[in-house]
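1. this is a predicted model, with the sequence first.
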Amino acid sequence: MYDEAKVKEQPTQTVAAIPAIADTFTPDILEAACKKSLKQYHMPFYKTVYKAAENLNNQKELEKFKETNKTTGIVRGADYYRQEEISL
């Protein structure tokens with residue numbers, strides 16, 4: 001990444017900012033996002049890595065949601081079916 005930069009200090013800010021993504025996402029997602037970003041771009045920016053991590057996290061949550069729905073279905077609580085008394 002440093003070798004391909006036009007200005008040698010250019011990637012330093014991105015490299016310093018990427019660990020902050022680990023505060024939001026798990027280290028596994030961060031690692032996968034970095035790999036994905038490096039495959040797509042020769043010098044990824046913070047935003048690129050963050051968006052990749054966000055997309056991977058959304059896919060993971062969607063898979064978890066689908067697994068839960070297979071076993072339980074979409075169930076609404078009693079509050080949804082409770083009827084309000086109408087006062088006239």
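-> Structure received. Model, not experiment: these values are computed from the prediction.

2. the residue nearest to the spatial centre of the chain: helix or strand, and which one exactly?
-> When CA atoms, centre = their mean is applied to the chain, the residue found nearest the centroid is residue 54 (2.1 Å). Residue 54 is part of helix 46-72, with elements assigned from DSSP states H and E.

3. off-centre distance for that helix?
-> Helix 46-72 sits 7 Å away from the centroid of its parent chain (CA atoms, centre = their mean, to the nearest Å).

4. mind listing what's buried along that helix?
-> 46, 48, 49, 50, 52, 53, 56, 57 (16 or more other CB atoms under 10 Å). Where you see a C-beta, it was placed from the backbone N, CA and C, and this is true even at glycine.

5. so which helix or strand takes in the residue lying closest to the second one once chain neighbours are set aside?
-> What it means is residue 48. Once flanking residues are discounted, residue 48 sits nearest to residue 37: 5.0 Å by CB to CB, 6 or more residues apart in numbering. Assessed by DSSP H and E, residue 37 sits inside helix 27-40.

6. neighbours around the residue nearest to residue 45 when sequence neighbours are not counted, how many?
-> In space, and not counting its chain neighbours, residue 45 is closest to residue 14: 5.6 Å by CB to CB, 6+ apart. By the measure other CB atoms under 10 Å, the count of residues near residue 14 is 17.

7. which residues does residue 14 contact?
-> Residue 14 makes contacts with 43, 44, 45, 46, 49, as judged by CB atoms under 8 Å, 6 or more residues apart in numbering.
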